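# build me a structure from this.
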Amino acid sequence: MKHTLDATNESLGRLASKIAVLLRGKADPAYQPYKLPTDTVVIKNVALIKFTGKKLADKKYYHYSGYPGGMKTRNLGDEFKKDPKRVLCGTVLNMLSQNKLRSKIIKNLIFE
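Predicted structure coming up:
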């Protein structure tokens with residue numbers, strides 16, 4: 001089943017939780033947790049997502065290279081300007097259950 005969502009003026013977390021439920025197939029009456037769902041979710045207007053509070057300046061993303069002094073920090077505002085699709089995809093990925101199906105399920109998320 002194909003679901004289409006418009007991200008205009010939607011909060012990041014609330015939108016991501018809706019997407020995660022649809023991707024997982026829990027809205028389907030024939031839901032079985034061990035089977036790969038065939039539902040796809042198409043997202044439009046990703047760059048128009050809204051953020052509440054001071055998240056754009058305060059929320060941090062960390063990356064550690066493994067070397068001493070290799071910790072890098074970026075805030076949400078910079079990351080969202082660079083690639084809004086990556087921010088939403090990462091949020092949805094963290095909301096999916098951590099199992100072998102997770103990497104296959106996230107491939108059903110499509111951006112327009």
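
# okay, helices next: where are they in the chain?
Secondary structure of the chain (DSSP state H): helices at 12-24, 55-58, 76-82, 84-95, 102-105.

# show me what the longest one is packed up against.
Applying 3 or more Cβ pairs under 8 Å, 6 or more residues apart in numbering; DSSP states H and E, we find helix 12-24 packed against strand 2-6, strand 40-44, helix 84-95. Backbone N, C-alpha and C define where each C-beta goes, glycine included.

# which residues touch it?
Outside helix 12-24, the residues that touch it by Cβ atoms under 8 Å, 6 or more residues apart in numbering are 3, 5, 7, 27, 37, 39, 41, 43, 49-51, 55, 87-88, 91-92, 95-97, 105-106, 108-109.

# how much space between G13 and K50?
According to Cβ to Cβ, to the nearest Å, G13 stands 11 Å off from K50.

# ok, S97 next?
27 Å.

# do T8 as well
Distance from T8 to K50, counting by Cβ to Cβ: 9 Å.

# tell me the bridge partners for Y62.
T73 (DSSP bridges).

# pLDDT wise, what is it at?
In the predicted model, Y62 carries a pLDDT score of 96.

# repeat that for the one 5 residues further on.
pLDDT recorded at Y67 is 97.

# repeat for M1
Among the per-residue scores, M1 shows a pLDDT of 88.

# could you report the neighbour count for S11?
14 (other Cβ atoms under 10 Å).

# with L12 instead?
21.

# check Y61 too.
With other Cβ under 10 Å as criterion, Y61 counts 14.

# hmm, M71 and it touching each other?
No: with contact defined as Cβ atoms under 8 Å, Y61 does not reach M71; the gap is 11.4 Å.
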